[in-house]
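Q: Sequence below, structure please.
(chains A, B, C and D)
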Protein chains: 2
Amino acid sequence: MLEGMTSKDPRAGALARLASLAADETRAACLLALLDGRAWTAGELARHCGVAASTLSEHLGKLVGGGLLAEERQGRHRYVRIADARVAQLVEDLTAHIAPDAAEPPRGLRQSGADSAMARGRTCYDHLAGRLGIAVTDALTARGLLLQDTGFALTDAGLDWFGALGVDLGGRGRRPLARACLDWTERRPHLAGAAGAALCRHLLDQGWCVRIGSGRAVKVTGAGERALTDLLGIDAAALR
Amino acid sequence: MLEGMTSKDPRAGALARLASLAADETRAACLLALLDGRAWTAGELARHCGVAASTLSEHLGKLVGGGLLAEERQGRHRYVRIADARVAQLVEDLTAHIAPDAAEPPRGLRQSGADSAMARGRTCYDHLAGRLGIAVTDALTARGLLLQDTGFALTDAGLDWFGALGVDLGGRGRRPLARACLDWTERRPHLAGAAGAALCRHLLDQGWCVRIGSGRAVKVTGAGERALTDLLGIDAAALR
DNA sequence: GGGACGGTTCGGCGCTCACCGAAGTGTCCG
DNA sequence: CGGACACTTCGGTGAGCGCCGAACCGTCCC
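A: This next block holds a predicted model:
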């Protein structure tokens, strides 16, 4: 009670509290699962993590209370998702930090189908990742629309390109237009941020990409192959 | 022992382990203190955190073992510092996430002197922060050397500018040349990354800036004022 | 209405972990 | 050599936390 504390940075408590939220394996598994950007029900997460529903309920209470997750109740379901892009970025950053160590786990044959679909193309919160994400990012860079070597930013030509595509990049809120997100399978940066999100949304809206099943894996459609070739010179067949 | 686990992402364990390192208030305080980029002895940190030396020794064991800190033993001293720029960035990112909430603590008059020196200019790991860091970043942007609105990257002109200054930006290692670091007092992004570090080093090497005491606060010298005005058109008097 | 179902609350169990002081190791210095 | 000093190791203690199953509350559907 006495608080015999010395100075000790006042931010330390808040930092520790934030880190605690991810410091449990079950909660960490939830955050990683939710990085697909979709909303999961509490039950789905409980099964995914292999813990009792009651246990997971308490975890969700903490994650929501800590501002990392947003919840939406629908009937008897409790849907949760990553609260916002800042949180998604934080989890991505943490994940990127451990990626070099976490060697590819030995994969059973049964999983390799889904895995390879994920490696071809997937969403990472709200933008594209996998080989598709890399291909788009590299094509933008090759055409002088995106700087990658000296940082990560759209060029003026890049801004025009998005404009010509009819993609609204949002009212310049707090969120950075372009930022790098380290890809988990490819180990290379790909386009994230407001522009990455808008581009991903555009591809899905135009039917150039479709989600495979209910998961985060996506595949390029026939129309998408033509569009990617026309717009960016991407050899989309290589992504099949 | 049985490992009745279901799938549960294999990265979850590693993520939780990483987060645990920062999930303790004392360890968090250590990380924040070490963000000044200098090496601290175990005893200094113990006093700073207000815990017994034995307690802190165990904390350092975990932080070093987890790869967040690097240690160097000199005689009977154990010096520790942030392991590398990636770790520094991680801690910065986490800190930036909580900054909006952590309102400025009520400051006693005794501290306000040191605090205002910190607000004027300081190092943030290996680059400049505070009003000085913001001023340099904004000046680079205004001169078309740095893009901030569409991401964060040096322009070609920016590369030339660094070259003309005689600053070596390093052999393009893994580290990004330019990235944004959110300033804690100014709430605005400033230049970090390899270019930010090189620039900070250059200012100190040239005697344009000097450290105040042994801390992280820095002040601009007379020669520095002239140089900043010449090179970037900065009104350095405003930083006094 | 009644039963299945998703989610929450609660009590209790067991483990982990931060903390301390005391004793021990190694270094520096008079 | 002997004493001061920085740090580490080790037992012990107390608090916190993740987990479960059982009981409970709403919602959906037959």
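
Q: right, is stretch A:56-64 up against DNA strand D?
A: Yes: counting by C-beta under 7 Å from any atom of the strand, contacts between stretch A:56-64 and DNA strand D involve A:Glu58, A:His59, A:Lys62. Where you see a C-beta, it was placed from the backbone N, CA and C, and this is true even at glycine.

Q: SS state for the first one?
A: So the one you mean is A:Glu58. Taking DSSP: H, G, I helix; E, B strand; the rest coil as the rule, one finds A:Glu58 in the helix state.

Q: Kindly report the domain assignment for chain A.
A: Listed by automatic domain parsing, the domain ranges of chain A are A:16-83, A:114-239.

Q: who wins for proximity to chain B among the ones you listed?
A: Among the domains of chain A, the nearest to chain B by C-beta to the nearest C-beta is domain A:114-239 (2.7 Å).

Q: Quick one: mean pLDDT for the closest one?
A: Averaged across domain A:114-239, pLDDT comes to 91.

Q: Helices of chain A, residue ranges please.
A: In chain A, the helices defined using DSSP state H lie at A:11-22, A:25-34, A:42-49, A:53-65, A:85-98, A:109-120, A:130-142, A:156-165, A:193-205, A:222-232.

Q: what would the domains of chain A look like in TSV with mean neighbour count and distance to B:Ala223?
A: TSV is the format used below for these (neighbours: other C-beta atoms under 10 Å in any protein chain shown; distance: least, C-beta to C-beta, whole Å):
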stretch	mean neighbour count	distance to B:Ala223
domain A:16-83	18	42
domain A:114-239	19	29
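
Q: And these: which comes nearest B:Ser214?
A: domain A:16-83 (26.3 Å; C-beta to C-beta).

Q: Now do the contacts for A:Arg17.
A: A:Arg17 sits next to A:Gly66 when contact means C-beta atoms under 8 Å, 6 or more residues apart in numbering or on different chains.

Q: what separates it from B:Leu94, distance-wise?
A: Going from A:Arg17 to B:Leu94 by C-beta to C-beta, to the nearest Å gives 11 Å.

Q: what pLDDT does the closest residue to DNA strand D within chain A get?
A: Residue of chain A nearest DNA strand D, by C-beta to the nearest atom of the strand: A:Gly75 (2.3 Å). The model reports A:Gly75 with a pLDDT of 93.

Q: ok, now the one 4 residues further on?
A: The confidence metric pLDDT takes the value 97 at A:Tyr79.

Q: ok, which residues in chain A are in contact with DNA strand D?
A: By C-beta under 7 Å from any atom of the strand, the residues of chain A that approach DNA strand D are A:20, A:23-27, A:50-52, A:54-55, A:58-59, A:62, A:74-76.

Q: can we see that at 6 Å?
A: Counting by C-beta under 6 Å from any atom of the strand, chain A comes close to DNA strand D at A:Asp24, A:Thr26, A:Val51, A:Ala52, A:Ser54, A:Thr55, A:His59, A:Gly75, A:Arg76.

Q: tell me the contacts of the closest residue to the fourth one other than its chain neighbours?
A: In other words, A:Ala52. Closest residue to A:Ala52 apart from its sequence neighbours, by C-beta to C-beta, 6 or more residues apart in numbering or on different chains: A:Ala46 at 6.8 Å. With contact taken as C-beta under 8 Å, 6+ apart, A:Ala46 is in contact with A:Ala52, A:Ala53, A:Thr55, A:Leu56.

Q: 7 Å instead?
A: A:Ala52, A:Ala53, A:Leu56 (C-beta atoms under 7 Å, 6 or more residues apart in numbering or on different chains).

Q: and what of A:Glu72?
A: Going by C-beta under 7 Å, 6+ apart, A:Glu72 touches A:Ala39, A:Tyr79.

Q: okay, it: pLDDT?
A: 95.

Q: And it, how far from A:Val80?
A: Distance from A:Glu72 to A:Val80, by C-beta to C-beta: 8 Å.

Q: tell me, what's touching the two both at once?
A: Overlap of the contact sets of A:Glu72 and A:Val80 (by C-beta under 7 Å, 6+ apart) consists of A:Ala39.

Q: Next one: the nearest residue to A:His127 once chain neighbours are set aside from B:Gln148, what distance?
A: Nearest in space to A:His127, with sequence neighbours left out and distances taken as C-beta to C-beta, 6+ apart, is A:Gly196 at 3.4 Å. With distances taken as C-beta to C-beta, A:Gly196 is found 18 Å from B:Gln148.

Q: Surely A:Thr229 and A:Ala237 touch.
A: No: using C-beta atoms under 7 Å, A:Thr229 makes no contact with A:Ala237, being 9.0 Å away.

Q: what's near enough to touch the closest residue to A:Arg143 other than its chain neighbours?
A: Distances taken as C-beta to C-beta, 6+ apart place A:Leu232 nearest to A:Arg143, at 6.8 Å, with adjacent residues excluded. Shown in contact with A:Leu232 (C-beta under 7 Å, 6+ apart): A:Val136, A:Ala139, A:Leu140, A:Arg143.

Q: and with 10 Å instead?
A: Taking C-beta atoms under 10 Å, 6 or more residues apart in numbering or on different chains as the criterion, A:Leu232 is in contact with A:Ala135, A:Val136, A:Asp138, A:Ala139, A:Leu140, A:Ala142, A:Arg143, A:Leu145, A:Trp161.

Q: now those in a markdown table, with distance to B:Leu182?
A: A markdown table is the format used below for the contacts of A:Leu232 (distance: C-beta to C-beta, whole Å):
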| residue | distance to B:Leu182 |
| --- | --- |
| A:Ala135 | 31 |
| A:Val136 | 27 |
| A:Asp138 | 28 |
| A:Ala139 | 30 |
| A:Leu140 | 26 |
| A:Ala142 | 31 |
| A:Arg143 | 31 |
| A:Leu145 | 26 |
| A:Trp161 | 28 |
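
Q: Kindly reformat these as CSV containing distance to DNA strand C.
A: Listed next are the contacts of A:Leu232 as CSV, based on distance: C-beta to the nearest atom of the strand, whole Å:
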residue, distance to DNA strand C
A:Ala135, 37
A:Val136, 35
A:Asp138, 40
A:Ala139, 40
A:Leu140, 39
A:Ala142, 45
A:Arg143, 45
A:Leu145, 42
A:Trp161, 42
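
Q: Quick check: nearest residue in space to A:Ala135, chain neighbours excluded?
A: A:Ile234 (5.3 Å).

Q: related to what we said a few turns ago, of the residues of stretch A:56-64 next to DNA strand D, just say which sits nearest to DNA strand C.
A: A:Glu58 (5.9 Å).

Q: Report pLDDT for that closest one.
A: At A:Glu58, the model reports a pLDDT of 97.

Q: what about it, distance to A:Gly121?
A: Taking C-beta to C-beta as the criterion, A:Glu58 is separated from A:Gly121 by 35 Å.

Q: from memory A:Leu154 sits against A:Ala198, does it?
A: No: contact criterion C-beta atoms under 10 Å: A:Leu154 and A:Ala198 do not qualify, at 11.2 Å.

Q: which neighbours do these two share?
A: Common neighbours of A:Leu154 and A:Ala198, using C-beta under 10 Å, 6+ apart, are A:Phe162, A:Leu169, A:Leu177.

Q: How about the first one: what's its closest non-neighbour residue?
A: This points to A:Phe162. In this structure, A:Phe162 finds its nearest non-sequential neighbour in A:Leu169, 5.8 Å apart by C-beta to C-beta, 6+ apart.

Q: contacting residues for that neighbour?
A: A:154, A:159, A:162-163, A:175, A:177-178, A:193-195, A:197-199, B:150.
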